[in-house]
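Undergrad: fold the following, please.
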Amino acid sequence: MSAGMSEVAGGADLHGWRRTWSRFRRQPSAMAGLVVAAVMGLAGLLAPVIAPYELGDASSDFLDPISTRHLLGTDTIGNDTFSQLLFGIRTSLLASVLAVGLAVVGGAALGLYSGYFGGRVDRLLMRCVDALMAFPGLLMAMVVVGLLGSGVVNAMIGLSVAFVPGFARLVRGQVLAVRQEAYVEAAEVVGARPPRIIRRHVLPNIASPLVVQAFMSLGFALLAEGALAFLGLSVQPPETSLGSILQRGFAVINSTPRLLLVPGIAITVLSVSFNAIADGLRDSLARHDVTELAGART
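TA: Numbering: from 1, shown residues only. Below is the predicted model of the structure:
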């Protein structure tokens, strides 16, 4: 047996998340995305500890260039750009996780109920989902902010409403496929109640595409939060995010382009990293068990 086949055979002996991790770590782009996202996320979470200046500290050094005192210079009101970047990453990531988390919970609940029980409720829920999908995500977030007021939490609630239809459609389709499996029918025959069947048999088998979609949505949520903050609809001073840093830098784009490039590069790198992780998870969670076992026996 060759070395490659031995590796496949070893991977075939793994189960669950150990097998997924074994496949995931063999993908350089996915691992690079995971490392970059983890490092930037950790830097953002530790911003109150590692940032050289506090969030509200402003000096008289307006638009100070890059120096040992200010690693990325200062902005138009004397804030240290590097400190602002760390706090901005923290806010943007937490906001994106909030938006996607709410969307996963809401979309999964709708999709599970609609796909498992079907009937008139299914048709009604899917028509409501179709109506929500007709609204652009940013427009939906703007409507919610207009109703609830400005703020990062309200903006993320609006963004999560825009994400819900995608998760609901995804979960419903997966549930309809799993619903026909023999183990689900066997559980129904022995008298298992729907909540138990959904918890023990349906949810574990639809988790993979849901996780992949969640990581894909994190990249979109990060971009959307940046756009909302740029429009002044998300975080409010003295809080900051990557989008609000972009907004301040846009006013001096001709004289000090670094104030626009720094947050722009951070948003791009994080979004690409989340997409790379999602692609890696999609490939790692794919069902290739039969092919791998056949190859290992050859």
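
Undergrad: leaving out chain neighbours, which residue sits closest to Q27?
TA: When the adjacent residues along the chain are set aside, Q27 lies closest to G280, with 4.7 Å between them (Cβ to Cβ, 6 or more residues apart in numbering). Yep, even glycine has a C-beta here, placed from its N, CA and C like the rest.

Undergrad: give me the neighbour count for that neighbour.
TA: When counting by other Cβ atoms under 10 Å, one arrives at 25 neighbours for G280.

Undergrad: hang on, it packs against G33?
TA: Yes: taking Cβ atoms under 8 Å as the definition, G280 is a contact partner of G33 at 7.0 Å.

Undergrad: quick revisit: the residue nearest to Q27 belongs to a strand?
TA: No: checked against DSSP: H, G, I helix; E, B strand; the rest coil, G280 lies outside a strand; its state is helix.

Undergrad: show me the shaky parts of the stretch 151-298 of the chain.
TA: The stretch 151-298 of the chain contains residues with pLDDT under 70 at 287-298.

Undergrad: please enumerate the helices of it.
TA: 152-178, 182-189, 194-197, 203-230, 242-250, 258-285, 289-297 (DSSP state H, counting those that start in this stretch).

Undergrad: for the shortest one, packing partners?
TA: If contacts are counted by 3 or more Cβ pairs under 8 Å, 6 or more residues apart in numbering; DSSP states H and E, helix 194-197 sits against helix 182-189.

Undergrad: what is the helix it packs on packed up against?
TA: helix 194-197.

Undergrad: list of residues touching the helix it packs on?
TA: Helix 194-197 is contacted by residues Y116, F117, V184, A187, E188 when judged by Cβ atoms under 8 Å, 6 or more residues apart in numbering.

Undergrad: centroid residue for the chain?
TA: L218 (1.8 Å; Cα atoms, centre = their mean).

Undergrad: relative to L110, how far out is that one?
TA: Using Cβ to Cβ, to the nearest Å, we find L218 at a distance of 20 Å from L110.

Undergrad: ok, now which ones touch the residue nearest to the centre of the chain?
TA: S96, V97, V100, F274.

Undergrad: of those residues, which belong to helices?
TA: Judged by DSSP state H, the subset of the contacts of L218 located in helices is S96, V97, V100, F274.

Undergrad: residues contacting the second one?
TA: The neighbours of V97, taking Cβ under 8 Å, 6+ apart as the test, are L218.

Undergrad: now it: how far from T240?
TA: Using Cβ to Cβ, V97 is found at 17 Å from T240.

Undergrad: A227 too?
TA: Noted for A227: a distance of 16 Å to T240, by Cβ to Cβ.

Undergrad: of those two, who's got more company?
TA: Legend: neighbour count by other Cβ under 10 Å for A227 and T240, higher for T240 (28 against 18).

Undergrad: which one of the helices of the stretch 151-298 of the chain lies closest to F24?
TA: F24 sits nearest to helix 258-285 of all the helices of the stretch 151-298 of the chain, at 4.3 Å, using Cβ to Cβ.

Undergrad: quick one: distance of that closest one to the chain centre.
TA: Remark: helix 258-285 is offset 10 Å from the chain centroid, using Cα atoms, centre = their mean, to the nearest Å.

Undergrad: stretch 72-85 now?
TA: With Cα atoms, centre = their mean as the basis, the mean position of stretch 72-85 lies at 27 Å from the chain mean.

Undergrad: what does it contact?
TA: By Cβ under 8 Å, 6+ apart, the residues outside stretch 72-85 that reach it are 47, 51-55, 57-67, 70-71, 240, 242, 245, 248-249, 251-252, 256, 258-259, 262-263, 266.

Undergrad: now the strand or helix carrying V39: buried residues?
TA: If you go by DSSP states H and E, V39 is part of helix 28-45. By 16 or more other Cβ atoms under 10 Å, the buried positions in helix 28-45 come out as A30, G33, L34, V36, A37, M40, G41, G44.

Undergrad: how much space separates the third one from P28?
TA: Distance, L34 to P28, by Cβ to Cβ: 11 Å.

Undergrad: equivalent analysis for the fourth one, please.
TA: Computed as Cβ to Cβ, the V36 to P28 distance reads 12 Å.

Undergrad: now do the contacts for the residue lying closest to L228 once chain neighbours are set aside.
TA: Distances taken as Cβ to Cβ, 6+ apart place S234 nearest to L228, at 4.3 Å, with adjacent residues excluded. Contact partners of S234, counting by Cβ under 8 Å, 6+ apart, are A95, S150, G151, V152, A155, M156, E225, L228, S241, G243, S244.
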